[in-house]
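**Student:** model this:
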Amino acid sequence: MGTASPTFNLISSENVEGMNVYDPNGNKIGAIDHLMIDRVSGNVRYAVMSFGGVLGLGHSHYPLPWNAIKYDSNYDGFITNVTEEQLKDAPEFSDDSWTDRDWETRWHQHFRAEPYWTEQGTRSQSQSQVYPPTSEGM
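**Tutor:** Next comes the predicted model:
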């Protein structure tokens, strides 16, 4: 099992999973359960956070936009502007939500995060190409 050194900017996903997430006041609101990675760009798009419940029972999962959280070494975890109240009032989420761009748009608006598909330098799936380029595509 590989882990990246904390002195570099890289971190293993197994080290991210289980990290705590804190609201703007430093209150723990959940923990990272897993990451959602864009197949085309390879960029992390969501950190799926486990929220609520007791002893692992009754908890919910909320995909936080990756650009809505930031690692903070003071907490040895992630800090976000997302509040517990925003989580409770978030649009309904299901496993089918991933295929619905309208849902993603509402989700990003709810958490006041820029949609990843509008970020500077981001390629959409329709703009993806095979790397390295083939001679047919030139």
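
**Student:** Average pLDDT for the helix or strand that residue 62 is a member of, rounded please.
**Tutor:** Following DSSP states H and E, one finds residue 62 within strand 60-65. The average pLDDT within strand 60-65 is 88.

**Student:** which stretches of the protein have low pLDDT?
**Tutor:** Counting by pLDDT under 70, the chain contains low-confidence ranges at 1-8, 53-59, 120-138.

**Student:** out of all of them, which helix in it is the longest?
**Tutor:** Secondary structure of the chain per DSSP state H: the longest helix is helix 101-110.

**Student:** Show residues contacting it.
**Tutor:** Helix 101-110 has contacts (C-beta atoms under 8 Å, 6 or more residues apart in numbering) with 63, 65, 86, 89-91, 93, 97, 114-115, 117. No exception for glycine: its C-beta is placed from N, CA and C like everyone else's.

**Student:** how about the strands in this structure?
**Tutor:** With strands called from DSSP state E, the chain shows them at 20-22, 28-37, 44-51, 60-65, 69-72, 77-80.

**Student:** can you put these in JSON lines and add distance to residue 105?
**Tutor:** Conversion of the strands of the chain to JSON lines gives the following (distance: least, C-beta to C-beta, whole Å):
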{"stretch": "strand 20-22", "distance to residue 105": "23"}
{"stretch": "strand 28-37", "distance to residue 105": "16"}
{"stretch": "strand 44-51", "distance to residue 105": "13"}
{"stretch": "strand 60-65", "distance to residue 105": "11"}
{"stretch": "strand 69-72", "distance to residue 105": "19"}
{"stretch": "strand 77-80", "distance to residue 105": "19"}
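
**Student:** May I have the residues that are in contact with residue 67?
**Tutor:** 113-114, 116, 119.

**Student:** any idea which of those residues is closest to residue 46?
**Tutor:** residue 116 (8.8 Å; C-beta to C-beta).

**Student:** Now that closest one. Nearest residue, chain neighbours left out?
**Tutor:** Distance criterion C-beta to C-beta, 6 or more residues apart in numbering; nearest residue to residue 116, sequence neighbours excluded, is residue 45 at 5.3 Å.

**Student:** That concludes my questions; thank you for your assistance.
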